[in-house]
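>>> Sequence first, then the predicted structure:
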Amino acid sequence: MLPLLARAGEHDERPAIIDQNGTHSYRDLLFASRNVASCLLGDTHDLEEAPVAFMVPAGFEYAAVQWGIWQAGGVAVPLCVSHPSPELEYVVGDSKAQVVIAHPDFENALRPIAKARNILFHLTSDVLRSEIPSLPYLKLTRDALILYTSGTTGKPRGVVCTHHNLTAQITTLIEAWKWTPDDRILHVLPLHHTHGIVNALLCALWAGATCEILPRFDATKVWERFVHSDLTLFMAVPTIYSKLISGWEKAPEKERRKMSRACARLRLMVSGSAALPIDMFEKWEQISSHRLLERYGMTEIGMALSNPLEGERRAGFVGLPLPGVEVRLTDSSGQVLTQEHQAGEIQVRSEGVFQDYLGQPEATRQAFQDSWFRTGDEAIVENGYYRILGRSSVDIIKTGGHKVSALEIEEKFRTHPLIQECAVVGIEDEEWGERVCAAAIPGPGASLSPDELRRWGKERLAPYKNPSDWVIVTEFPRNTMGKVIKPAIRSWFQSPGSG
Ligand code: AMP
């Protein structure tokens, strides 16, 4: 039996998942997932790694369907509940899903897609109701999960992980962050992405902990759960922390104290999936008494670098390699960098690293240097800790012969009292190679002009070259993980009349 499921058997009556419909034990989860497996298997004995796409809201049924697919010998392909039809069609088609499972709320979106492709379609209300079957024996080397991840260019790629990869991705975090059965995590992350699936849901279930799942992120609800639930853990992306900070700031003084006290009871709060601005790190510490633990990872590798659970959590840094993960930096010719203060590409080797990009052998080959995965992210080591400089393709700007990190410039801009958020991109330029361009969101009620910013930037940004183009905006385009979509910002600057 898969170790994740064998462990669940040991936790039996303990609460595994709490959602809108109540509390579900590990036994409930195993029972329901065997039902799903039974229904998927029909007359066959083993799905033999057939991809099964599923769209189920965050909660117990999501986990039951995921585990049901695995127990039947299938590969889980979670669909994003907020994606429009063309994206869903793409993922179902590209993953070559042979079965689609949908919650009744999503029947209208998915039944036609399954019909057009002539593949089996099930509703969760059907698959969660049948007999317990005999299940196939599963080796850990089997494919388990296909997650779609958007690169900076082109269509999203299917990242294939085996059960062995997932087990390694889970166990490193269990060890580093000391998960125990007494933990209780509040889960607010999307469940078609590694952060929500591995770090929050599967780590909790591996540990025998309790996962309290909200159907979607809502700042008021999260504060309410912080105050009223016995939580020990919380994990989120910086955008979520920013919304929680706004929620706290809007609350009356007396409420604020209660909210802050509630936060301080948790044992760990984690941030990742995008750079955590230093001012946000500091503000959150004032509010919650937590120094956020920032970590770095990727769909292809799980988590690789993390600030320590015990020891110094340094703002603006992502710490050190996690247990069982090897990390190195290389220069543009692939030479390994051995000294601190040299910027280079992060390369990772571990049992958690994925198998391949589905159906893209050439892209898979190019993603590795020997047995090391090339992340496409640049970093530097300073006093022992890694600091992320950004994605080579969008955040490393080559201007006037210098390489500058967009993330560093953004960090400078956030020290401006009237700027709430900032995104910096490089735009092709004959004279400079690339021009540094910045878009900024003013703080509430603040008024800013591009000219003022240009003046302000002139002094402070001299080491990074002056941003030459500006735009003041009310919001950035973001993906479902809250990451700023920089190619879209680039096109603002490339369109006439910007700045
Ligand atoms: P995804 O595969 O969607 O999880 O995205 C992974 C990418 O997010 C990485 O390649 C990084 O560019 C970025 N990322 C993840 N964690 C961090 C972090 N702590 N700081 C900066 N960027 C991060």
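That came through fine. For clarity, every value in this text was computed on a predicted model and none was experimentally measured. Numbering: from 1, shown residues only.
>>> For the residue nearest the centre of the chain, list the residues it contacts.
Nearest to the geometric centre of the chain sits His195, at 3.7 Å (Cα atoms, centre = their mean). By Cβ atoms under 8 Å, 6 or more residues apart in numbering, His195 lies in contact with Leu189, Met235, Val237, Gly272, Ser273, Gly297, Met481. Where you see a C-beta, it was placed from the backbone N, CA and C, and this is true even at glycine.
>>> Please tell me how far the fifth one sits from the ligand.
Pointing back at Ser273 there. 5 Å (Cβ to the nearest ligand atom, to the nearest Å).
>>> Now do the contacts for that residue.
His193, His195, Val237, Gly297, Met481, Gly482, Lys483.
>>> What of the fourth one?
Neighbour list for Gly272: His195, Asn199, Met235, Val237, Glu294, Arg295, Tyr296, Gly297, Met303, Val318 [criterion: Cβ under 8 Å, 6+ apart].
>>> Pro450 reaches Ile472, doesn't it?
Yes - assessed by Cβ atoms under 8 Å, Pro450 is found in contact with Ile472 at 6.3 Å.
>>> What about Ala462, how many residues nearby?
Residues lying near Ala462 (other Cβ atoms under 10 Å) number 9.
>>> can you pull the contacts of it?
Counted by Cβ under 8 Å, 6+ apart, Ala462 has zero contacts.
>>> rewinding a little: could you redo the contacts of Ser273 as JSON lines and give each row secondary structure, pLDDT and distance to Asn21?
Output for the contacts of Ser273, formatted as JSON lines (DSSP: H, G, I helix; E, B strand; the rest coil; pLDDT from 0 to 100; distance: Cβ to Cβ, whole Å):
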{"residue": "His193", "secondary structure": "coil", "pLDDT": "95", "distance to Asn21": "23"}
{"residue": "His195", "secondary structure": "helix", "pLDDT": "96", "distance to Asn21": "24"}
{"residue": "Val237", "secondary structure": "coil", "pLDDT": "93", "distance to Asn21": "26"}
{"residue": "Gly297", "secondary structure": "strand", "pLDDT": "97", "distance to Asn21": "31"}
{"residue": "Met481", "secondary structure": "coil", "pLDDT": "75", "distance to Asn21": "26"}
{"residue": "Gly482", "secondary structure": "coil", "pLDDT": "76", "distance to Asn21": "27"}
{"residue": "Lys483", "secondary structure": "coil", "pLDDT": "81", "distance to Asn21": "31"}
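>>> tell me, which of these make contact with the ligand?
Gly297, Met481 (Cβ under 6 Å from any ligand atom).
>>> Write the ChimeraX selection for whichever of the contacts of Ser273 are buried.
Buried residues among the contacts of Ser273 (16 or more other Cβ atoms under 10 Å), as a ChimeraX selection:
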select :193,195,237,297,481,482,483
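>>> Quick check: the two most widely separated of the contacts of Ser273?
Gly297 and Gly482 (15.5 Å; Cβ to Cβ).
>>> returning to that earlier point: can you add distance to Asn35 and give the contacts of His195 back as TSV?
Output for the contacts of His195, formatted as TSV (distance: Cβ to Cβ, whole Å):
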residue	distance to Asn35
Leu189	26
Met235	29
Val237	33
Gly272	34
Ser273	33
Gly297	33
Met481	31
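>>> Please give me every residue in contact with the closest residue to the ligand within the stretch 301-450 of the chain.
Distance from the ligand to each residue of the stretch 301-450 of the chain (Cβ to the nearest ligand atom) is smallest for Ile388, at 4.0 Å. Ile388 sits next to Ala275, Tyr296, Val318, Ile346, Asp377, Glu378, Ala379, Leu407 when contact means Cβ under 8 Å, 6+ apart.
>>> I'd like to know how far the first one sits from Ala50.
When you say that, I think you mean Ala275. 38 Å (Cβ to Cβ, to the nearest Å).
>>> Before I go, just wanted to say thanks for your time.
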